[in-house]
Structures are given as structure tokens and as C-alpha cells.
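*Asks:* Sequence and predicted structure are below.
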Protein chains: 2
Amino acid sequence: MKIIIAGAGAMGSRFGLMLHQAKNDVIFIDGWQEHIDKINRDGLEANFNGEKVVAKIPTYHQEKASEIDFAADLIIVFTKAMQLDHMMDCVKTMIGEQTKVLCLLNGLGHEDIIEKYVSKDHILLGNTMWTAGLEGPGKAKLFGDGYLELQSLDENGEATAEKVIAVLNEAKLNAKYSHHILESIYRKACVNGTMNGLCTLLDSNMADFGETSAANQIVLSIVNEFANVAKHEKVELDSKQVLEQVRSCYNRDTIGLHHPSMYQDLIENHRLTEIDYINGAIVRKGKMYNVPTPYCAFLTQLIHCKEELLDAK
Amino acid sequence: MKIIIAGAGAMGSRFGLMLHQAKNDVIFIDGWQEHIDKINRDGLEANFNGEKVVAKIPTYHQEKASEIDFAADLIIVFTKAMQLDHMMDCVKTMIGEQTKVLCLLNGLGHEDIIEKYVSKDHILLGNTMWTAGLEGPGKAKLFGDGYLELQSLDENGEATAEKVIAVLNEAKLNAKYSHHILESIYRKACVNGTMNGLCTLLDSNMADFGETSAANQIVLSIVNEFANVAKHEKVELDSKQVLEQVRSCYNRDTIGLHHPSMYQDLIENHRLTEIDYINGAIVRKGKMYNVPTPYCAFLTQLIHCKEELLDAK
């Protein structure tokens, strides 16, 4: 299958490498020149579960994507949420009648962006539990196992989606079809929509936050706003169940001592956050459905204040 | 006049000293043993507008206040908000038929506490623009000018209040009667209810916060909650006018580069904050009047999280 990885960061590198190893025709599109040059010169180098692997995958700068002659069967987008629209615009010349777009980004509402470029029956929305890290330009660290689930936005799209799933599974990516992908995406967004913003704002790891007296009340208020919005998209979220899922992040023996990714982005590296695509998306959807979302609104505003105070780029 | 200063911190020291200089019979009640011992041994020492002043003012520990034989005409309370109830309990044996209680604390709802000890017609609620600092045990720094306004909680109480005002003015404290003290208190609480919590949470001075894109929206949301609650207490706050008052804090040429007092308490000195008596009071009153106050609620919860994370005492 001819596959574009649009956004060759950590996760893009994992998917690209595994699909390349399974003999697919893979190319990378990215915006980081040093990374692009390194891969084109020396290949993508990965520490793949402890083994050094090098893969020669053609890599192009997104601003030159329109010059590429590549009739993609599948585009997997792996950008930061705020870069999705521009990336889609860059790769649109490679989109044909046959092209499916698979979106595995965290956060909510990405389908609205992608629909500007392809119709619903070409869009696969997914959720992945794979992880990945980037150690420098052209150098990935890929440990552990994972899986993904995906669903076509078209209710008759399951058969087409199964072809993509077969390709992903040949590459050992453990994909399966879901009939409730929005629910999975909302659940994950609830975890991100609480841990990310709150730990970033409070300069705290997840366990320390979770052990404060107000933690449960705050998390429940935010999760309720997600649930009230989700109802309007025919997704029933059980707030108590989601609360339990969030609370599992507090465990000091597993991930509790970690800072969530937004903390790393903003507090450690002064990078802009994806808050507009998590809590901010709930605020936008809330306005549309006439659902009050004050906790999500205030949290989004506070994170934007913090971005400006830290001069995040 | 026989006057108890209940809480001899910075502001208590100012009022105590000036009333003592005007020949009133003043005693201090406080909870800080080192401070009490120093004043009893060497007197209260003040840098009073550049001049060194020493005043011998009898000073007692609050836990021993019940042993004091002192029929107070006036008690001026100057504790931290969270210590008010306990202080009133400590000094209650010195309260007689003639005793008025003047409360000049920042924040809202202190009258509900004081009413547990004296009836409405004995309570004077006030608002002061005097400032003061404490440099160490028994040592105050008192610069600049100020004023205060006060009102009796009893609608027929103005005549009685005027006697207290006369005593305060003999001591050059620039007091006057107000018929709208709740409005003044609410206005000041709006400034504290925005600058204090927000700058503390965002680790920012007032100017830097004020220059973020979301500042106005956040401040307006909070001020609107104060205004909606105030309406139920017959106080009409003009949100736009209050917003202007808050915005004056952003001025880099005046006070904008300062951190508000809550920041100093919590972030610099790891002390518990008065958030429950500012935004937290709006949440309690909001519940009583059935007015939604999500911004005040979330801000109060976040500050409590921060207190616990910093192990504030």
C-alpha cells in the first residue's frame, strides 16, 4: 500500500517504520528540516525494543509536498493538533479518489478539519495506545506493545476500513475495528483534559495532584462537562467510570510520578500546548450545543495565559 | 476609650499605635508569642513615616485573654480571616453591653462570624485604605496616608458609629461614615478576588497577567459572579467600572510589577491563603442565593490544591 505518514515525529516514526518493515511503500512528510535531512542521508534509526534498526524511508518537507508524485492509498496524520490543517493543505495534491485518511491524534474535533479535504467516507478516526519517543533528528526510541482501534466516519465504511486494518496488522500494529470510536476518543480526552491542564497549571505530577483534597471535585466537574457535550454527539460517558480511569493516573507505582505531556511541552520546553483541541474543543462544542462548560473555559484561558507568560512558541 | 486591638499584626500595630498616641486606653491581643514578649519588654517600636516611635501597649496572648479584666468600648479585629472566629471566642469575656466591634478585614462575610458574639447593632463594618508592614517581632513600618469608612449593621446605628468615628479621627485615622459600605467591600473583594488568586496560580505579577490576551475575559467572568451574588445583598456592582478598577492594577508605573499579597503568602512563604473568604465566600453565598459561581469555585479549589502541594501552614 502507498502510505504517507504526515508528521514524522515519534509516533509517525513508529508507524512509518513498522509499515515500511511490512513492505509497504511509505514516505514521510514533516516540517523539521534537520530531521528530514538526517533520515534522507542515514535513514531513520530506531532503538526498536533494544535492537538497532535503520530504515531508508523517503522524507520530504511539507512545504514541498506539492511537488511529490505519489498517489497515496492511505495518509496517516501524526501532527500536533494545531498543525493538522496546514499539513492537510500541504499534502492535498497527493489525495485521490482512493485515498483514505487515518487520524490518530489526541483531542477532539479533528474530523472537522479533515473533512475540508476529503469526504466522510474517506476518513478513519482512531485511537491508539502505542507509545514512542524521539531522541534527536532521525532517531526514534520505540519500546513496548500497543494497539489501535479505528472507525470509518461513514456508517457503511467498515469493509473499506478492514482493508486498512489488514495492512496495519501485517505490520503488527494490532488494529481492530471499533463501533464506538468516539466514546474511546472522548474517554482519552477526559484523561488528557484533566491531567494535562491541571498538572501544568499547578506545577505538579499526577500523584501529588491526585492526593489533594479538591482533586476529585475538580476532575468530576470537568468530566461532567465532557459528558454533557458528548451526549449531543450520541456518546454516553459514564462520569464515575471515567473518574476511575483518571484516578488510575495517580498511582505512584505506575505513572503517578510522571508529569503529563502538556507539562513537558509548556513548563519544561516552553512550547505551545494542544489545550484548544482538548478542553477548548469542549468549549466550542458546548457553545454549539448550548451546554455550559465553565471549567473547561477557565482552564483553557489559564493555560493560554501561562503560554503567553512563558513566551511559548 | 478602652480599645482592644484583636490581632496586632501590621495593620493592628498601626491602629493600636495611633489610637494609643491619641491617649486612648489600648491593649493588644495576639497569638505570636515572640511578638507579644518583645512589645511587653521594649514596647512596640515603629518607623512612623521615618521617625522612630516606641509605644508601651499592654499585649496579651489570645489564649489568656479570658483572664484580662478590661471592659472594652471598642474591639477592632485585625486577624487573618480564618482566625477571626477563634479570636472572637478568645476575647468574648471582655465584651459588655457597651462594646462595639469594628471589622476592617478584607474579604466577605465576616459579619456572619461576628454576629455569633454580638448583635447587629454592635457591629461596625469597614473598609480601609491604610497600609502597614511588620519587620519582625515588635517592629512595625508605617508609612503614608490612608483613610477608612465604616457603617453600622443596624440601620439606626449611625449616631453610635459617629462616636467611634470621632475617636478614630482624634487619632488622625481619617474615618468617615458610609451608607454603602457593602459596595466598597465588594469592590475591594473584586480586586482581591481576581488579582490574588490568578497571579498566585499563574506565578505572575499583575502587569504581566494583565497583558495576556485572556486576562479581560477571565476577570470579567469572575467580577460578574461577584456582581450576581452582590445583587442578592442589595449591592449593585457595575461590572465594567469594577473591571476598570482591576485594570488599574496592571499599570507598570504604579503597582503592576508587584505580586499581590496572596502570592507573597503562599508562593513565597508557604502560608495558607484567605481564598475561602474572597472567592470562596462568593461560592457559599452563590449556593445560598442559587447563583452559579463556577469561576470562583474552580479558582478556590485550585488555590487549595496549590496550598496542599506547597504544604502551606
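*Replies:* Received the coordinates, thanks.

*Asks:* Report whether A:E244 is found in a helix, as I expect.
*Replies:* Yes. A:E244 forms part of a helix when assessed by DSSP: H, G, I helix; E, B strand; the rest coil.

*Asks:* any idea which residue sits dead centre in chain A?
*Replies:* In chain A, the residue lying closest to the centroid (Cα atoms, centre = their mean) is A:L105, at 2.1 Å.

*Asks:* And the residue nearest to it when sequence neighbours are not counted, how close does it get to A:N269?
*Replies:* Spatial nearest neighbour of A:L105, excluding adjacent residues (Cβ to Cβ, 6 or more residues apart in numbering or on different chains): A:A81 at 5.7 Å. (C-beta placed from N, C-alpha, C; glycine too.) A:A81 sits 17 Å away from A:N269, going by Cβ to Cβ, to the nearest Å.

*Asks:* Give me the residues contacting the helix or strand hosting A:K287.
*Replies:* Assigned by DSSP states H and E, A:K287 belongs to helix A:279-289. Counting contacts by Cβ atoms under 8 Å, 6 or more residues apart in numbering or on different chains, the residues outside helix A:279-289 that touch it are A:107-109, A:189, A:193, A:197, A:222, A:225-226, A:228-229, A:232-233, A:291-293, A:296-297, A:299-300, A:303.

*Asks:* avg pLDDT for the helix or strand just after that helix?
*Replies:* With elements assigned by DSSP H and E, the helix or strand that comes after helix A:279-289 is helix A:294-309. Averaged across helix A:294-309, pLDDT comes to 98.

*Asks:* check whether helix A:294-309 contacts chain B.
*Replies:* Yes. Helix A:294-309 comes into contact with chain B (Cβ under 8 Å from any Cβ of the partner chain), by way of A:294-295, A:297-299, A:301-302, A:304-306, A:308-309.

*Asks:* what's the distance between the residue in the stretch 1-150 of chain A positioned nearest to chain B and A:V26?
*Replies:* When scored by Cβ to the nearest Cβ, the stretch 1-150 of chain A has A:M82 as its residue closest to chain B, at 15.8 Å. Separation of A:M82 from A:V26 (Cβ to Cβ) stands at 25 Å.

*Asks:* higher neighbour count, the two?
*Replies:* Taking other Cβ atoms under 10 Å in any protein chain shown, A:M82 and A:V26 do not tie; A:V26 has more neighbours (26 against 14).

*Asks:* Shouldn't that one be within a strand?
*Replies:* Yes. Per three-state DSSP, A:V26 lies within a strand segment.

*Asks:* just checking, it touches A:A8?
*Replies:* No. Judged on Cβ atoms under 8 Å, A:V26 makes no contact with A:A8 at a distance of 10.0 Å.

*Asks:* shared neighbours, the two?
*Replies:* A:G16.

*Asks:* one step back: what would the residues of helix A:294-309 next to chain B look like in JSON lines with distance to B:H179 and neighbour count?
*Replies:* Below are the residues of helix A:294-309 next to chain B laid out as JSON lines (distance: Cβ to Cβ, whole Å; neighbours: other Cβ atoms under 10 Å in any protein chain shown):
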{"residue": "A:P294", "distance to B:H179": "35", "neighbour count": "19"}
{"residue": "A:Y295", "distance to B:H179": "39", "neighbour count": "28"}
{"residue": "A:A297", "distance to B:H179": "38", "neighbour count": "24"}
{"residue": "A:F298", "distance to B:H179": "35", "neighbour count": "24"}
{"residue": "A:L299", "distance to B:H179": "41", "neighbour count": "29"}
{"residue": "A:Q301", "distance to B:H179": "37", "neighbour count": "22"}
{"residue": "A:L302", "distance to B:H179": "38", "neighbour count": "25"}
{"residue": "A:H304", "distance to B:H179": "42", "neighbour count": "21"}
{"residue": "A:C305", "distance to B:H179": "38", "neighbour count": "23"}
{"residue": "A:K306", "distance to B:H179": "43", "neighbour count": "24"}
{"residue": "A:E308", "distance to B:H179": "42", "neighbour count": "18"}
{"residue": "A:L309", "distance to B:H179": "42", "neighbour count": "16"}
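
*Asks:* Neighbours of A:L150, how many?
*Replies:* With other Cβ under 10 Å as criterion, A:L150 counts 22.

*Asks:* From A:A175, how far out is the closest residue to it other than its chain neighbours?
*Replies:* Using Cβ to Cβ, 6+ apart and skipping residues adjacent in sequence, the residue nearest A:L150 is A:G126, 3.4 Å away. From A:G126 over to A:A175 the distance is 8 Å, taken as Cβ to Cβ.
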